[in-house]
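Undergrad: build me a model from this:
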Amino acid sequence: MKYETDALIVVEGNNDKSYLSSYIKSYYFVTDGFDINDTDLSFLKLVSKRRKIILLLDPDEAGEKIKNKIKAVVKDNTADIFLSYQNDKNKHGVFECPIEIIIKALKPYFSKMDGSYITINDLVKNNIYDDKKLKDKIKNFYYLGQINNKQLIYKLNILKIKIEELKNIYEDKY
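TA: Okay, the predicted model is just below:
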C-alpha cells in the first residue's frame, strides 16, 4: 500500500526522496544539503501559502541548519519531523530509518493528493513550452530557479497553479 499526502515533503538528499517515494506519494523538495539558496527559500515561502510543508530532515547539525534557514523565512504552515532512530552502524538519517517509523510520524499528514494542475499539453497549447522568455518570466515570478520543462511543471503543481493563473502572469495582469 502506498500512502499519500498533499503536503510538500522537504528532504536533504535524493536518496531520501527515492526511499520515501517508494512508500509515500507526495511532492518532494530536495535541499541538497544545508546550502539552500534564497530562490529556493522564496519558493518554499510561496508554497507554504498553498500547501503544508513537512520538514523531514536528518536529526543532526545539517538537518538543524536547514530547518532554521527555512523556518526563518517560512513562518507558517510547516511541520518539522526529526526521527529519533539510530541503526547499528551509527547512521541516523531519513534514508537509514525503517519505513514503519517514518509512516507513524507522517500519519497525521496523510490525505488524498490533489490532482495535477498544469500538464505538458498546457505548456504546448499556451506557447510556453518553447518560449524561453515566457518561461523565464514565469520562473522569476514564482522563484523557480533554473529548471527544465519537466521541473517547471512539477514545481508549478507543487504551487497548485492552474493555467488561468499562468496566463495572468504572461499577459501582465499581475
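Undergrad: to what extent is residue 143 buried, counted in neighbours?
TA: Counted with other CB atoms under 10 Å, residues neighbouring residue 143 total 19. In short, each C-beta sits where N, CA and C put it, glycine included.
Undergrad: name the SS class of it, please.
TA: When classified by DSSP: H, G, I helix; E, B strand; the rest coil, residue 143 comes out as coil.
Undergrad: would you map the strands across this structure?
TA: 3-11, 24-30, 53-57, 78-82 (DSSP state E).
Undergrad: buried residues, the last one. List them.
TA: Translated: strand 78-82. Neighbour-count burial for strand 78-82 flags 78, 80-82 (criterion: 16 or more other CB atoms under 10 Å).
Undergrad: now do the second one
TA: Buried residues in strand 24-30, counted by 16+ other CB under 10 Å: 24, 26-30.
Undergrad: any idea how far residue 107 lies from residue 51?
TA: Taking CB to CB, to the nearest Å as the measure, residue 107 falls 18 Å from residue 51.
Undergrad: of these two, who's got more company?
TA: Higher neighbour count among residue 107 and residue 51: residue 51, with 18 against 10, using other CB under 10 Å.
Undergrad: what stretches of the chain score poorly on pLDDT?
TA: Where the chain drops to pLDDT under 70, the residues are 84-91, 173-174.
Undergrad: contact partners of the longest helix seen in it?
TA: Ranked by residue count under DSSP state H, the longest helix found in the chain is helix 61-73. Residues outside helix 61-73 that contact it (CB atoms under 8 Å, 6 or more residues apart in numbering): 10, 12, 31, 33-34, 36, 41-42, 44-45, 53, 55, 57, 78, 80, 82.
Undergrad: got it, and stretch 162-174?
TA: Residues from elsewhere that reach stretch 162-174 (CB under 8 Å, 6+ apart): 117-118, 122, 126, 128, 134, 137-138, 141, 156.
Undergrad: just to revisit the earlier point, distance between the longest helix of the chain and the chain's centre?
TA: Offset of helix 61-73 from its chain centre (CA atoms, centre = their mean, to the nearest Å): 15 Å.
Undergrad: convert the C-alpha atoms of that helix to CSV, please.
TA: Extracted in CSV, the C-alpha atoms of helix 61-73 (Å, rounded to 0.1, in the frame of the first residue of the first chain):
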residue,chain,number,x,y,z
GLU,A,61,23.6,19.5,12.7
ALA,A,62,23.0,19.8,9.0
GLY,A,63,19.2,19.0,9.5
GLU,A,64,19.0,21.6,12.2
LYS,A,65,20.7,24.2,10.0
ILE,A,66,18.3,23.5,7.1
LYS,A,67,15.3,23.7,9.4
ASN,A,68,16.5,27.0,10.9
LYS,A,69,17.1,28.5,7.5
ILE,A,70,13.7,27.5,6.2
LYS,A,71,11.9,28.5,9.4
ALA,A,72,13.5,32.0,9.3
VAL,A,73,11.7,32.6,6.0
